[in-house]
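A.B. asks: sharing a model that was predicted from the sequence below.
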Amino acid sequence: MQSVQKMGGIGALIAAATFVVGLAMYATLFTDFVSADTPAAASEFIADNQLTLHLWNITIMIVFGIALVPLVLAIGDRLREAHSPLARVASVFGLIWAGLIISTGMITNISYATVSDLQDTDPEMASTVWAGLDAVTNGLGGGNEVLGGIWVLGISIVALRERLFARWVNQLGVVMGVAGLVTVVPALEEVGAVFGLGLIVWFIAVGINLIQDGGRSAEQQANPRLIRTKSLTTNQTN
């Protein structure tokens, strides 16, 4: 169990890093792409920057999705002793989210290659193909954050009750979970940016906690309240 906790902590830090790198690339290298007014402009950008876009997509989708799996499992193990149906359901949504993100990343990479090839022979067709593929990939893993919101909100509610992490970390998780859920409303899709930025802090805090707890005994990991009880008993004795 200790190795699972450490793997989950490392996964959380990697997830935070993918968000930071992805946002940095978004703000510096891909401003013309993300602000493209027409599918034709986006298709032309893809053809000229295919390799860089592949690397960006691998980072923010595939690496993130892979890192998410051990994190979901580690937090699920920590919450198992709470016997909470909400925690179990939330963990399932976390794994579904990871799988969907990885799938979206693979579809997007193929989309870049397809559009790039078409751009050389039939630019109009390339624009049409990109418009359709962009709608699909956006719906699966970019346009809304419902699955991620359910996972973060669910485990944060249980963690707040069980005092699994620091109170502020759990409260941040609740807020970010709600922010993810509201992106299902088209007019509130922009809230997804708040969800992403808040998760960077949440991932780092959770990751550090899981890595530190990886060195504790199995009994302490299974029951976080045991640590506080022993600490209180020691203080009272002294």
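C.D. replies: Sure thing, it's come through.
A.B. asks: give me the secondary structure label for the residue nearest to Ala74 when sequence neighbours are not counted.
C.D. replies: Residue nearest to Ala74 in three dimensions, not counting chain neighbours: Gly8, with 2.3 Å by Cβ to Cβ, 6 or more residues apart in numbering. Every residue, glycine included, has its C-beta placed from N, CA and C. Secondary structure, DSSP: H, G, I helix; E, B strand; the rest coil: Gly8 is helix.
A.B. asks: so for Gly8, what's the pLDDT?
C.D. replies: Gly8 carries a pLDDT value of 94.
A.B. asks: if I read this right, it contacts Pro70, doesn't it?
C.D. replies: Yes - using Cβ atoms under 8 Å, Gly8 is in contact with Pro70, at 4.9 Å.
A.B. asks: tell me which of these two has more neighbours.
C.D. replies: Gly8 (29 against 23; other Cβ atoms under 10 Å).
A.B. asks: following element in sequence after the longest helix anywhere in the chain, please.
C.D. replies: Counting by DSSP state H, the longest helix found in the chain is helix 85-121. Counting by DSSP states H and E, the element after helix 85-121 in chain order, helix or strand, is helix 123-141.
A.B. asks: OK, contacts around Phe195?
C.D. replies: 145, 148-149, 176, 179-180, 183 (Cβ atoms under 8 Å, 6 or more residues apart in numbering).
A.B. asks: repeat that with 7 Å
C.D. replies: 145, 149, 176, 179-180, 183 (Cβ atoms under 7 Å, 6 or more residues apart in numbering).
A.B. asks: could you list the buried residues of the longest helix of the chain?
C.D. replies: 87, 90-91, 93-95, 97-98, 100-105, 107-109, 111-112, 115-116, 118-119 (16 or more other Cβ atoms under 10 Å).
A.B. asks: could you do stretch 25-44 as well?
C.D. replies: For stretch 25-44, by 16+ other Cβ under 10 Å, it's 25, 30, 33, 36, 39-40, 42-44.
A.B. asks: now, which of the residues you listed sits nearest Ala135?
C.D. replies: Pro39 (10.3 Å; Cβ to Cβ).
A.B. asks: touching, the closest one and Ser127? I think so.
C.D. replies: Yes - between Pro39 and Ser127 there is a contact under Cβ atoms under 7 Å: 4.0 Å.
A.B. asks: pull the CA atoms of the helix or strand harbouring Trp202 into CSV?
C.D. replies: Counting by DSSP H and E, the secondary-structure element that holds Trp202 is helix 191-213. Extracted in CSV, the C-alpha atoms of helix 191-213 (Å, rounded to 0.1, in the frame of the first residue of the first chain):
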residue,chain,number,x,y,z
VAL,A,191,-15.2,28.2,-16.0
GLY,A,192,-13.1,25.2,-17.2
ALA,A,193,-10.1,27.5,-17.0
VAL,A,194,-10.8,28.1,-13.3
PHE,A,195,-11.1,24.3,-12.9
GLY,A,196,-7.7,23.7,-14.5
LEU,A,197,-5.9,26.4,-12.5
GLY,A,198,-7.3,25.4,-9.2
LEU,A,199,-6.4,21.7,-9.9
ILE,A,200,-2.8,22.6,-10.2
VAL,A,201,-2.7,23.7,-6.6
TRP,A,202,-4.9,20.7,-5.5
PHE,A,203,-2.7,18.2,-7.3
ILE,A,204,0.5,19.5,-5.8
ALA,A,205,-1.0,19.5,-2.3
VAL,A,206,-2.5,16.1,-2.6
GLY,A,207,0.7,14.7,-4.2
ILE,A,208,3.0,15.9,-1.4
ASN,A,209,0.6,14.5,1.2
LEU,A,210,0.5,11.1,-0.5
ILE,A,211,4.3,10.9,-0.9
GLN,A,212,4.8,11.8,2.8
ASP,A,213,2.2,9.3,3.9
